[in-house]
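A.B. asks: based on what follows, work out the 3D shape:
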Amino acid sequence: MLEMRNLSKIYRTTTVETHALRDFSLSVREGEFVAVTGPSGSGKTTFLTIAGLLEDFTSGEYVLDGVNVHGMNDDQRSRLRNEKIGFVFQAFNLIPDLNVLDNVEVPLHYRRGIHGAERRRRAIDALERVGLSARMRHYPAELSGGQQQRVAIARALAGSPRLLLADEPTGNLDTAMARGVMELIEQIHREGATIIMVTHDPELAARSERNVHIVDGMATGIVEEPRFRSTLQERTASDMPLAGR
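C.D. replies: I've put the predicted structure just below:
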């Protein structure tokens, strides 16, 4: 699903050169759940923005779902990002003047071949998946933090992304809300989604299949816990449906 080979990212000013990523290599299989951890300033955010095609890299190779993104212009990256990737941010990033349903529809307006009725159907289906179909006419300010994050997850799912990127998805939530959001992310993974989650919380990282630790812009430790290994067939055997489905 994702292959980075010897990737580097250098930020330059007239006086300073900062190496955010150095010879960074990572492979993520389809259907895998990977947690990315590391100290502040280690390169986690840079990795995520490059993985999400939000910015370019300086050297190396990045292949996303079979597509080599090297040399793509902004329009090409935007199109690929919109078709392949869903984002879940710590800050929710919902539009306060739009109700829940309209918020979920927003990214679909930029997808080729998806028109009004299909956008609405996908948005409603996504809200049902996260258990918020009864709140679709509410506005973000009328929801709890956990509910807003579920709306953000629904927005990401509405486009049927091949890859879900989550940046500290529980960082703004209390313990109970965070638990519910993580259970939802795990359920989405059990249904077959490929997920990369950046987190500073070792307890959350331990709930993934694999933990990639970044230090000084390099993936220095890749740990896989045997108790979390499973095939999709094994996962789905005991799955429970998402709330609201």
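A.B. asks: relative to Phe33, how far out is Ser208?
C.D. replies: For Ser208, the distance to Phe33 equals 5 Å [C-beta to C-beta, to the nearest Å]. Bear in mind the C-beta positions are built from the backbone N, C-alpha and C, glycine included.
A.B. asks: go on, Arg77?
C.D. replies: 25 Å.
A.B. asks: in the chain, which spans are strands?
C.D. replies: Taking DSSP state E as the criterion, the chain carries its strands at 2-12, 17-28, 33-37, 59-64, 67-68, 85-88, 163-167, 194-198, 210-215, 218-224.
A.B. asks: would you mind checking the average pLDDT for the third one?
C.D. replies: Per-residue pLDDT values across strand 33-37 average out to 95.
A.B. asks: pLDDT weak spots in the protein?
C.D. replies: 221-245 (pLDDT under 70).
A.B. asks: let's go with 80 and repeat that
C.D. replies: 112-113, 220-245 (pLDDT under 80).
A.B. asks: geometric centre of it: which residue is closest?
C.D. replies: In the chain, the centroid-proximal residue (C-alpha atoms, centre = their mean) is Leu165; its distance is 1.3 Å.
A.B. asks: what do Ser208 and Phe33 both touch?
C.D. replies: With contacts defined as C-beta atoms under 8 Å, 6 or more residues apart in numbering, the residues shared by Ser208 and Phe33 are Ile195, Met197.
A.B. asks: have a look at these two and say which one is more surrounded.
C.D. replies: Ser208 (25 against 21; other C-beta atoms under 10 Å).
A.B. asks: what residues does the more buried one make contact with?
C.D. replies: Phe33, Val34, Ala35, Ile195, Met197, Phe228.
A.B. asks: just send those back as a markdown table, with distance to Ala176 too.
C.D. replies: As requested, these are arranged in a markdown table below (distance: C-beta to C-beta, whole Å):
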| residue | distance to Ala176 |
| --- | --- |
| Phe33 | 22 |
| Val34 | 26 |
| Ala35 | 21 |
| Ile195 | 22 |
| Met197 | 19 |
| Phe228 | 24 |
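A.B. asks: selecting buried members of these in PyMOL, what would you type?
C.D. replies: PyMOL command restricting these to the buried ones, with burial defined by 16 or more other C-beta atoms under 10 Å:
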select buried, resi 33+34+35+195+197
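A.B. asks: any idea which of the contacts of Ser208 is closest to Arg129?
C.D. replies: Within the contacts of Ser208, proximity to Arg129 (C-beta to C-beta) peaks at Ile195, which comes in at 14.7 Å.
A.B. asks: ok now do the closest one, which residues does it touch?
C.D. replies: Per C-beta under 8 Å, 6+ apart, neighbours of Ile195: Glu32, Phe33, Val34, Leu163, Leu164, Leu165, Ala166, Ile185, Ile188, His189, Ser208.
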